[in-house]
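Student: Sequence first, then the predicted structure:
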Amino acid sequence: MNHKLLSAISLCRKAGKLRMGMDVVREAVQDGSAKLVLLASDLAKRSEGQILAACEGRKVPVHTLPLDMEALWQVTGKKYGILAVCEDGFARMITGLLSEI
């Protein structure tokens, strides 16, 4: 299942609909382009709290992935722990995959 999830995230990135990193994701949440926020399983609690607060105010769904930053590095190219999906179709696809886990 994690392979499908990584593939979906990779496809989203290649389509230019994935934002990565705290500041970039927070900006996407604030400007309304973030449809879904994904957190690595090993994200620091402080960072998690900050992004949860931003998403709560804008009603953006947040999911913690069953993947750590090392696994996400395979598709992002850097060790990011916070990702924003900025397209409804990708958000639905990834949410569906997460519900199967």
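Tutor: Everything's here; your move.
Student: what are the ranges of the strands in the protein?
Tutor: Along the chain, counting by DSSP state E, strands occupy 18-20, 36-39, 62-64, 82-85.
Student: Quick one, grab the pLDDT at the residue lying closest to Ile9 once chain neighbours are set aside.
Tutor: Taking C-beta to C-beta, 6 or more residues apart in numbering, and ignoring the residues beside it in sequence, Ile9 has Val75 as its nearest neighbour in space, at 5.2 Å. (C-beta placed from N, C-alpha, C; glycine too.) Residue-level confidence at Val75 comes out at 93, pLDDT.
Student: so how far is Arg13 from Val75?
Tutor: Applying C-beta to C-beta, to the nearest Å, the value for Val75 to Arg13 is 6 Å.
Student: Near Leu38, how many other residues are there?
Tutor: A count of nearby residues for Leu38, using other C-beta atoms under 10 Å, gives 28.
Student: got the contact list for Ala15?
Tutor: Ala15 makes contact with 87, 90 under the criterion C-beta atoms under 8 Å, 6 or more residues apart in numbering.
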